[in-house]
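Asks: Output the structure for:
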Amino acid sequence: MHISLRSGLGALCALAVSAGASLANDALPSKKRTALGLYLTATEAVELRTRDPDAVLIDIRSRAEVAFVGVGEGIDKHIPYMIVEEGWQFDAEKGNYRLIPNPDFLVAFEAFAWDRGLDAEATILLMCRSGSRSARAANLLNQMGYRRVYSVIDGFEGDRGPSGVRDVNGWKNSGLRWSYRIPAEIAYRSRAD
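Replies: Purely as a prediction, here's the structure:
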């Protein structure tokens, strides 16, 4: 059996990445873990996109979050994984308005994937507010057959610090470029629009 240097190095790199992902997986809260175990911080996501321009970065936060909190520069598409429940129902237990799964998420993602020519081996980066929804969305895309789906574990706003404010990490707190202006080409449009 002959193994080329290239494939041997590829196997070593894959082993190193999976070993690192396993360690990261053990350190993450369960709500941020994915079946694939592929994780990046917001800063690492930007660095990966610099090295691999074919990698796609999808913001999966709700429309309200993107509109009022801002959007990262270089996002390829905004496709909400969860949406605010019609009528803005208040969830007293969570102290916030209820989010429900976006019934158009898979359809919108598949349309984007088709337009971009993404296949099962495409590198897909998902970012939400702080890494929980992106983990669930990554698992969903994995179930659809996508094998290189990364969750941005600190998200756009990051984790909460001791005071309860999201000021620990994340896209905005890492000094990455962002704006309140949503570029038309990345804007989410549902089937109802």
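
Asks: What's the separation between I100 and D167?
Replies: From I100 across to D167, the span is 28 Å (C-beta to C-beta, to the nearest Å). (C-beta placed from N, C-alpha, C; glycine too.)

Asks: ugh, wrong one, S130
Replies: 12 Å.

Asks: again with M144
Replies: Taking C-beta to C-beta, one finds M144 at 35 Å from D167.

Asks: tell me the SS of E65?
Replies: Secondary structure of E65, reduced to three states by DSSP: H, G, I helix; E, B strand; the rest coil: helix.

Asks: In space, what's closest to it - neighbours in sequence excluded?
Replies: R129 (6.3 Å; C-beta to C-beta, 6 or more residues apart in numbering).

Asks: can I assume the one you found is in contact with D154?
Replies: No: R129 lies out of contact with D154 (C-beta atoms under 8 Å); the separation is 9.6 Å.

Asks: and N169, how many neighbours does it have?
Replies: Neighbour count of N169, defined by other C-beta atoms under 10 Å: 20.

Asks: any residues in contact with both of R129 and D154?
Replies: Both R129 and D154 are contacted by G170, under the criterion C-beta atoms under 8 Å, 6 or more residues apart in numbering.

Asks: So which of those two has more stuff around it?
Replies: D154 (28 against 22).

Asks: Please tell me how far the residue nearest the centre of the chain sits from G87.
Replies: Taking C-alpha atoms, centre = their mean, the centroid of the chain lies closest to L126, which sits 1.5 Å from it. Separation of L126 from G87 (C-beta to C-beta): 27 Å.

Asks: same question, P183
Replies: 30 Å.

Asks: which one of those two has more residues nearby?
Replies: P183 (11 against 8).

Asks: and that one, backbone torsions?
Replies: Taking degrees, to the nearest 10, you get phi -60, psi 140 for the backbone angles of P183.

Asks: before we move on, what about the one 5 residues further on?
Replies: Y188 adopts backbone torsions of phi -80, psi 130, taken as degrees, to the nearest 10.

Asks: moving C-terminal of the worst-scoring helix or strand of the chain on mean pLDDT, what's the next helix or strand?
Replies: Lowest by mean pLDDT, DSSP states H and E among the helices and strands of the chain is helix 5-27, with a mean of 43. Downstream of helix 5-27, the first helix or strand assigned by DSSP states H and E is strand 39-40.

Asks: ok, that following strand: who's next to it in the sheet?
Replies: Strands adjacent to strand 39-40 in the sheet, as given by DSSP bridges, are strand 149-152 (parallel).

Asks: For the partner strand, which outside residues touch it?
Replies: By C-beta under 8 Å, 6+ apart, strand 149-152 touches 32, 34, 36, 38-42, 45, 48, 123-128, 131, 134-135, 137-138, 141-142, 171.

Asks: Please pick the buried ones from the residues you listed.
Replies: Buried members of these, counted by 16 or more other C-beta atoms under 10 Å: 32, 34, 36, 38-42, 45, 123-128, 131, 134-135, 137-138, 141-142, 171.
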